[in-house]
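**Student:** Got a sequence here, can you build the structure:
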Amino acid sequence: MFIKPTEFERLSRHRWVVEQALSWLSFGKLRIRYERSADTYFALCSLACCVILSGFVSHSEYCRFYAHLHSAVDKQIAAVLDKLDEKGLTEDTFIFRFADHGEQGWSHQSIEKGVNSYQETINVPMIISNPKLFPEGRTTTSFSSLIDLVPTVAEITGAASPEDLKSKGICGKSLVPIISDPNASVRDNIMFYTEDFEYFFNKYLGMHNAFATIPAKIRSIRFEDWMYAVYFTNTGTKLQYEMYNLTDDPGQMTNLAWGSRKQANHAQMQKLHDMLTAELETYNALPKGFQWPGRGGVLGEAQRGRAYAV
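**Tutor:** This is a model prediction of the structure:
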């Protein structure tokens, strides 16, 4: 059975995923396949954003709707967990629950994930459960990244060694040390990277080559007490920066890389810029369209002429 995009619009995306899981658990195979274009997903997102931003939905109504979505998804997750119980598989199953991005929820006057590196956008839940290993819940404040999931599963299952993963270009660190000891740590920072939304701007807002003039591509690094981000255009003609002292400013409201504050905090900017650059080199994630600046806070050519200088 194939589900066309028009039919997909009538079938909840999360319900489809759950049906696949239940089908696999019940019959050992997937009973449904579907053809899905990205247009369907972006059209639905675009419609939702237009309704919200046009003023038809208030801030509180939006937040209540988002809370309702959590309840709806919880029911679908429960259906999969109930099926695992029914099949007697729960005790032999590691369950990972996570998300691909956070939710602004009107913080910084934004909704959904936005084009930013704020805590509300990049912080996602990470829940690992197994009743035999974790009969009682426990938490950790240690950093983890979504790129750590594959190395973690590989170590738990013995599917591949760290060397095997590295040879295939799979980065990340196994979270097994943290699973064993919540006080352990496998990384002291998180590198955040995004270059999406250009398709959305082009297809649904009619803004062709938006990233040629809008510095909306991001490379950022987050430590426990600092966050530093670089926003840039495709060819580096414009660069903008954010830096927050998360100890003094956990809500990320005072950008220390802006205006007169930038000069006073330039030493810290350079320190974080060097750390971000090192991470980008490690993961081969430097932008391809221009020479990444060696100094934090430099502006693009269109802003400062040909010279990169503070």
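**Student:** Against residue 277, how distant is residue 287?
**Tutor:** Going from residue 287 to residue 277 by CB to CB, to the nearest Å gives 11 Å. The way it works is simple: take the backbone N, C-alpha and C, and place the C-beta from them, glycine included.
**Student:** what does residue 237 give?
**Tutor:** 20 Å.
**Student:** Over to residue 185?
**Tutor:** Residue 185 is 22 Å from residue 277, by CB to CB.
**Student:** Who has more neighbours out of those two?
**Tutor:** Between residue 185 and residue 277, residue 277 has the larger neighbour count (other CB atoms under 10 Å), namely 18 against 15.
**Student:** how many neighbours does the residue lying closest to the more buried one once chain neighbours are set aside have?
**Tutor:** Sequence neighbours aside, residue 292 is the residue nearest to residue 277 in space, at 6.6 Å (criterion: CB to CB, 6 or more residues apart in numbering). The number of residues packed near residue 292 is 17, by other CB under 10 Å.
**Student:** Could I have the CA atoms of stretch 111-127 written out in CSV?
**Tutor:** C-alpha atoms of stretch 111-127 as CSV (Å, rounded to 0.1, in the frame of the first residue of the first chain):
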residue,chain,number,x,y,z
ILE,A,111,8.1,30.0,17.9
GLU,A,112,9.2,26.6,16.7
LYS,A,113,12.9,26.1,16.2
GLY,A,114,13.9,29.3,14.5
VAL,A,115,17.2,30.2,12.9
ASN,A,116,19.2,30.6,16.1
SER,A,117,21.3,28.8,18.7
TYR,A,118,19.3,29.7,21.8
GLN,A,119,18.9,27.1,24.6
GLU,A,120,15.2,26.6,23.8
THR,A,121,16.1,25.6,20.2
ILE,A,122,19.1,23.3,20.8
ASN,A,123,18.1,21.7,24.1
VAL,A,124,16.2,18.4,23.5
PRO,A,125,15.1,15.6,25.8
MET,A,126,17.3,12.5,26.0
ILE,A,127,15.7,9.6,27.9
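**Student:** Okay, buried residues for that stretch please.
**Tutor:** Going by neighbour count (16 or more other CB atoms under 10 Å), the buried part of stretch 111-127 is 111-122, 126.
**Student:** out of those residues, which are inside strands?
**Tutor:** Judged by DSSP state E, the subset of the buried residues of stretch 111-127 located in strands is residue 126.
**Student:** Out of the buried residues of stretch 111-127, which one has the lowest pLDDT?
**Tutor:** Among those, residue 114 has the lowest pLDDT, at 69.
**Student:** So what are the sheet partners of whatever helix or strand residue 219 lives in and their directions?
**Tutor:** Using DSSP states H and E, residue 219 sits in strand 217-222. Paired neighbours of strand 217-222 in the sheet (DSSP bridges): strand 190-194 (antiparallel), strand 226-232 (antiparallel).
**Student:** elements contacting the following helix or strand past the first one?
**Tutor:** It stands for strand 190-194. Note on strand 190-194: by DSSP H and E, the next helix or strand toward the C-terminus is helix 198-205. If you count contacts as 3 or more CB pairs under 8 Å, 6 or more residues apart in numbering; DSSP states H and E, helix 198-205 packs onto helix 38-51.
**Student:** what is the mean pLDDT for the helix it packs on?
**Tutor:** 44.
**Student:** next one: stretch 237-253
**Tutor:** 95.
**Student:** gap between it and the chain center?
**Tutor:** Distance, stretch centre to chain centre, for stretch 237-253: 18 Å (CA atoms, centre = their mean, to the nearest Å).
**Student:** how long is it from one end to the other?
**Tutor:** End-to-end span of stretch 237-253 (CA to CA, to the nearest Å): 26 Å.
**Student:** Same check on stretch 230-237?
**Tutor:** So stretch 230-237: terminal residues 13 Å apart, CA to CA.
**Student:** Please apply the same query to stretch 195-208.
**Tutor:** This stretch, stretch 195-208, spans 15 Å end to end (CA to CA).
**Student:** does the most centrally placed residue in the chain count as helix, strand or coil?
**Tutor:** Nearest to the geometric centre of the chain sits residue 101, at 3.9 Å (CA atoms, centre = their mean). Taken by DSSP: H, G, I helix; E, B strand; the rest coil, the conformation at residue 101 corresponds to coil.
**Student:** Could you pull out the strands in this structure for me?
**Tutor:** So, for the chain - with DSSP E - the strands run 2-3, 33-34, 95-98, 126-129, 190-194, 217-222, 226-232, 239-245.
**Student:** want to try a markdown table for those strands, with distance to residue 77 as columns?
**Tutor:** A markdown table is the format used below for those (distance: least, CB to CB, whole Å):
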| stretch | distance to residue 77 |
| --- | --- |
| strand 2-3 | 22 |
| strand 33-34 | 21 |
| strand 95-98 | 7 |
| strand 126-129 | 10 |
| strand 190-194 | 25 |
| strand 217-222 | 27 |
| strand 226-232 | 30 |
| strand 239-245 | 33 |
